[in-house]
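Chemist: Predicted model, plus sequence, below.
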Amino acid sequence: TRRAAAGVGLAVVAAALGLGLAGAAGAVSLLLVALVTAAALPKMQRALAPVLAADPMPVTTTSKVAWGMLMLACTVHAASLATYFGDPAAPGVGIDRGGFLGGHLCLTAYLHAAELARAGVANIYDLSLVPAMASDGLPATAAHMAPFTLDRFGYPPQFVLAPLALIELLDDFAAQRAVWNCVNALFLAYAMWRVALMVGPQSGRVARWASPALWMLGGATLQAGNVQLTVVGMGVLAMLAVHEGRDRAGGAMLATITLAKISPGLLGVVLLAQRRWRAVGWTIAVAVLISALSLWVLGPGPFEAFLSYHLPKVASGEAFDFLDDNFERVFENLSPFGLPFKLAALGIGDAPWTWAPRVATAYTVLAFGLAAVVGRRKDPDRRTQAATAMLVLTMAGLRSPMAPGYLLAGVFWAMLLVAPEVRSWRGWALGFGLVGAMMLATPFAPVHHLAGAFLGQLALHGTLLWLLLRRWPILDPELSKASPPRPQTSLPQPALG
């Protein structure tokens, strides 16, 4: 009864806040968020209780109040996003209304590619079909996506199955956008919650309290409908599943995200270094199955275009010919590929389009080497396995010629896992300082200056390298034992079931 009364009270407060901040639409969204939150709290409390009981650090009244305020802010933020997902014209909601982030929607690229494939277009990657950064407006094939701009599609053809299924399920663009964005937002919240519990009472202590703040930082990415945060969350869950011996589930998730963005395949190097042959086998088997289904649904055209047309243009940077269109594109690119463009903007060196692919190739070799090195750690515990996945996925994403600020999420998440080791205010100050420095290279920096961008990139790559190569002490010995090595050395049969 007390819980029901608390839930009703939360809903009433939420509705009043929404009405005051964003009118009737905000009130309805905030009310629904509050009701869902209140309904989920009992189950979450049951899952959390044994974890808190095993944590030697007591939960103080101050921490409860602080977390309650954080969750209230997160609820308001979630309601704002939910309202914007449902109605982009609603006043007072969303992020960067009237700016680039307010009109940018990565989902437009996914849906447009699916509609082209549905219409029988073989080369869904044709650059002539989509203007660079939508500078020339929307083509006729995407006119219904207004007021959002049209993004370019650059993922493997297997990924098209997801937006194609969405189109078959819903024929209205507004409904497609609302469902897609909400599913991504909910999955990210679930992944953060699940990982915070799985890594252990002490290892997940900070993640349990601070994950809502990290979720709010990802609001712009969730608003844009980009799948990167979902890919990172699924990749971490995949590696934890493999660590626990659930190779089939882990391999299925890893195959799915690798075929979605290619770069998560770098986790396969970690699995090979760990000699987890069964997990590698299931990854390959599921990847073959999904690819066969994609080939049957889409036909060979998109695959041929991806291999012969798109990949060469990605390697050369031609698929990202907008990288030096203006200062903002140069400033916000975290990829090593973008370094020559930053240097050229400072008058240092020339021919950035010549040097950028060379820098990217060198970085690729380094990334493969680091993935192999960290994969050879002996007996990693759950925290180490999760952090390794977060950092390797970030490193893999930075290989793209265009690496936006959302790639910081993996590093920030890993920092939440290292935070339980901090014992002094100096350590916390250093951590917050690194986060602030990295944010200087994002669109949310108070001043957009190349000096800040260089500092942010230096902080990002330095922190990434340190977290990858550091020794992660075991904080939860009872969970430290990794799954035993599999005696099987051959790959499983591709047939499932």
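Modeler: That came through, no problem. Predicted model, so just to flag it, every value in this text is computed and none were measured.

Chemist: CA atoms for contacts and neighbours, from now on please.
Modeler: Noted.

Chemist: give the contact list for Ala207.
Modeler: With contact set as Cα atoms under 8 Å, 6 or more residues apart in numbering, Ala207 has these partners: 192, 196, 413, 416-417.

Chemist: roughly how far apart are Gly369 and Leu458?
Modeler: Going from Gly369 to Leu458 by Cα to Cα, to the nearest Å gives 20 Å.

Chemist: If you could redo that for Gly92, that was the one I meant.
Modeler: Between Gly92 and Leu458 the computed distance is 36 Å (Cα to Cα).

Chemist: Which one of these two is surrounded by more residues?
Modeler: Leu458 (17 against 14; other Cα atoms under 10 Å).

Chemist: any idea whether Gly245 is helix, strand or coil?
Modeler: coil (DSSP: H, G, I helix; E, B strand; the rest coil).

Chemist: Phi and psi next, for it.
Modeler: Gly245 has phi and psi values of phi 90, psi 10 when expressed as degrees, to the nearest 10.

Chemist: Give the rounded mean pLDDT of stretch 280-291.
Modeler: Stretch 280-291 carries an average pLDDT of 96.

Chemist: So for it, what gets flagged as buried?
Modeler: 280-287, 289-291 (16 or more other Cα atoms under 10 Å).

Chemist: May I have it exported as PDB, CA atoms only?
Modeler: What follows is stretch 280-291, C-alpha atoms only, in PDB (Å, rounded to 0.1, in the frame of the first residue of the first chain):
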ATOM      1  CA  VAL A 280      33.700 -17.500 -31.800                       C
ATOM      2  CA  GLY A 281      32.000 -20.400 -33.500                       C
ATOM      3  CA  TRP A 282      28.500 -19.300 -32.500                       C
ATOM      4  CA  THR A 283      29.300 -15.800 -33.600                       C
ATOM      5  CA  ILE A 284      30.300 -17.000 -37.100                       C
ATOM      6  CA  ALA A 285      27.300 -19.300 -37.300                       C
ATOM      7  CA  VAL A 286      24.700 -16.600 -36.400                       C
ATOM      8  CA  ALA A 287      26.500 -14.100 -38.700                       C
ATOM      9  CA  VAL A 288      26.100 -16.600 -41.600                       C
ATOM     10  CA  LEU A 289      22.500 -17.200 -40.800                       C
ATOM     11  CA  ILE A 290      21.700 -13.500 -40.700                       C
ATOM     12  CA  SER A 291      23.600 -12.800 -43.900                       C
END
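
Chemist: Could you shift the numbering so residue one becomes 478, and keep it that way?
Modeler: Let's use 478 as the start, then, which means that last one is stretch 757-768.

Chemist: quick revisit: now, which of the buried residues of stretch 757-768 lie within helices?
Modeler: Residues of those located in helices (DSSP state H): 757-764, 766-768.

Chemist: May I see those organised as TSV, with distance to Trp830 added?
Modeler: Below are those laid out as TSV (distance: Cα to Cα, whole Å):
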residue	distance to Trp830
Val757	36
Gly758	39
Trp759	39
Thr760	36
Ile761	35
Ala762	38
Val763	37
Ala764	34
Leu766	38
Ile767	35
Ser768	33
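
Chemist: Can you list the residue ranges for helices in the stretch 628-777 of the chain?
Modeler: For the stretch 628-777 of the chain, the helices defined by DSSP state H, counting those that start in this stretch cover 638-646, 650-675, 682-694, 696-701, 705-720, 724-738, 743-750, 754-775.

Chemist: Can you list the buried residues in the third one?
Modeler: For helix 682-694, burial by neighbour count (16+ other Cα under 10 Å) applies to 682-689, 691-693.

Chemist: One more: the second one?
Modeler: Judged by neighbour count (16+ other Cα under 10 Å), helix 650-675 contains these buried residues: 650, 652-659, 661-662, 664-666, 668-670, 672-675.

Chemist: Below-threshold pLDDT in the stretch 778-927 of the chain: ranges please.
Modeler: For the stretch 778-927 of the chain, the stretches with pLDDT under 70 are 856.

Chemist: Now with 90, please.
Modeler: 788-810, 815, 820-834, 853-858, 877-883, 900, 918-927 (pLDDT under 90).

Chemist: Now do the helices in it.
Modeler: 778-782, 788-793, 804-808, 816-822, 829-852, 859-874, 885-895, 902-916, 927-946.

Chemist: between the ones you listed, which one is nearest to Gly745?
Modeler: helix 829-852 (9.0 Å; Cα to Cα).

Chemist: could you check the angle helix 927-946 makes with the closest one?
Modeler: Orientation of helix 829-852 against helix 927-946 (axes from the mean of the first three to the mean of the last three Cα atoms, to 10 degrees) gives an angle of 20 degrees.

Chemist: Just list what helix 829-852 packs against, helices and strands only.
Modeler: Secondary-structure packing of helix 829-852 (3 or more Cα pairs under 8 Å, 6 or more residues apart in numbering; DSSP states H and E): helix 743-750, helix 788-793, helix 816-822, helix 859-874.

Chemist: just the CA coordinates of that helix, formatted as PDB?
Modeler: Extracted in PDB, the C-alpha atoms of helix 829-852 (Å, rounded to 0.1, in the frame of the first residue of the first chain):
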ATOM      1  CA  PRO A 829      44.700  16.200 -45.400                       C
ATOM      2  CA  TRP A 830      42.800  13.900 -47.700                       C
ATOM      3  CA  THR A 831      46.100  12.200 -48.600                       C
ATOM      4  CA  TRP A 832      47.300  11.900 -45.000                       C
ATOM      5  CA  ALA A 833      44.000  11.000 -43.300                       C
ATOM      6  CA  PRO A 834      43.700   7.400 -44.800                       C
ATOM      7  CA  ARG A 835      47.300   6.700 -43.800                       C
ATOM      8  CA  VAL A 836      46.700   7.800 -40.200                       C
ATOM      9  CA  ALA A 837      43.600   5.600 -40.100                       C
ATOM     10  CA  THR A 838      45.500   2.600 -41.400                       C
ATOM     11  CA  ALA A 839      48.200   3.000 -38.700                       C
ATOM     12  CA  TYR A 840      45.400   3.400 -36.100                       C
ATOM     13  CA  THR A 841      43.700   0.200 -37.300                       C
ATOM     14  CA  VAL A 842      46.900  -1.800 -36.900                       C
ATOM     15  CA  LEU A 843      47.300  -0.400 -33.400                       C
ATOM     16  CA  ALA A 844      43.700  -1.200 -32.500                       C
ATOM     17  CA  PHE A 845      44.000  -4.800 -33.500                       C
ATOM     18  CA  GLY A 846      47.200  -5.100 -31.600                       C
ATOM     19  CA  LEU A 847      45.700  -3.600 -28.400                       C
ATOM     20  CA  ALA A 848      42.600  -5.800 -28.700                       C
ATOM     21  CA  ALA A 849      44.900  -8.900 -28.900                       C
ATOM     22  CA  VAL A 850      47.000  -7.700 -25.900                       C
ATOM     23  CA  VAL A 851      44.000  -7.100 -23.600                       C
ATOM     24  CA  GLY A 852      42.400 -10.300 -24.700                       C
END
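
Chemist: Now tell me what touches it from outside.
Modeler: 743-744, 746-751, 792-794, 813-818, 821, 865, 869, 872-873, 876, 878, 945-946.

Chemist: May I see the ChimeraX selection of the buried members of those residues?
Modeler: Typed into ChimeraX, the line below selects the buried ones among the contacts of helix 829-852, using 16+ other Cα under 10 Å:
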select :743,744,746,747,748,749,750,751,792,793,794,813,814,815,816,817,818,865,869,872,873,876,878,945
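
Chemist: can you list the weak-confidence ranges in the stretch 478-627 of the chain?
Modeler: Residues of the stretch 478-627 of the chain meeting the criterion pLDDT under 90: 478-582, 603-627.

Chemist: And the helices in it?
Modeler: Assigned helices in the stretch 478-627 of the chain, in chain order: 479-531, 538-563, 577-580, 584-595 (criterion: DSSP H, counting those that start in this stretch).
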